[in-house]
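Asker: okay, predicted coordinates and the sequence, questions at the end:
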Amino acid sequence: MPMTIAEPVRTETLRVALPHDLADYLRTLAADQGCGVGEVVASLVGDEARRRGRLGHQHPKKMTPAVRAALCRLLREGYSRTAAAERCGVSRQTLYYWLRHHDDFAHALEAAEAEEDRVAAGAMLRRARRTTKPRTAA
């Protein structure tokens, strides 16, 4: 039967499940810390999970600086929020969740969209200023 972290770990189980040196190391570590072997194992597993960005059954975090930068770049290029999210491998729902829960990210995306709006407005203004008269050969 597989052992889960929530179950107490018995030294006899460790002797069967782990190499002898590792079991001795864990017992020594537990004695030094003044806790049980199960708590030491749970602590080590939790530290590794936190290092990898995972706790429990969570997925690795998708909101990385690279994804944030790519989303902002795509919005500056004129993509919609949904299209930009899809191109970055993020669902539309996840993007809107990030916008609700991360104010700095929301401000960055709004700034990127505002910049794209300024660029588009400038292009339309330049096009509107062009004359409709055909050019004549000089």
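Answerer: Perfect, thanks for sending it. Please read all numbers here as calculations on a predicted model, not as lab measurements.

Asker: so who does the nearest residue to Gly78 once chain neighbours are set aside touch?
Answerer: Distances taken as C-beta to C-beta, 6 or more residues apart in numbering put Glu116 closest to Gly78, at 5.5 Å, once the chain neighbours are dropped. C-beta here means a position set from N, CA and C on the backbone, and glycine is covered the same way. Residues near Glu116 by C-beta atoms under 8 Å, 6 or more residues apart in numbering: 75-78.

Asker: switch the cut-off to 7 Å
Answerer: Counting by C-beta atoms under 7 Å, 6 or more residues apart in numbering, Glu116 makes contact with 75-76, 78.

Asker: which of those has the most neighbours?
Answerer: Leu75 (23 neighbours; other C-beta atoms under 10 Å).

Asker: buried residues of the helix or strand containing Asp117, list them for me.
Answerer: Element membership for Asp117 (DSSP states H and E) is helix 103-129. Within helix 103-129, the residues scored as buried using 16 or more other C-beta atoms under 10 Å are 105, 108-109, 112-113, 116.

Asker: determine the next helix or strand in the C-terminal direction from the lowest-mean-pLDDT helix or strand in the chain.
Answerer: Across the helices and strands of the chain, mean pLDDT, DSSP states H and E gives its lowest value to helix 11-17, namely a mean of 55. Per DSSP H and E, helix 11-17 leads on to helix 20-33 as the next helix or strand towards the C-terminus.

Asker: just the element for the closest residue to Met63 other than its chain neighbours, please.
Answerer: Using C-beta to C-beta, 6+ apart and skipping residues adjacent in sequence, the residue nearest Met63 is Trp98, 5.9 Å away. In this assignment (DSSP H and E), Trp98 forms part of helix 92-101.

Asker: buried residues of that helix, list them for me.
Answerer: In helix 92-101, counting by 16+ other C-beta under 10 Å, buried: 95, 98.
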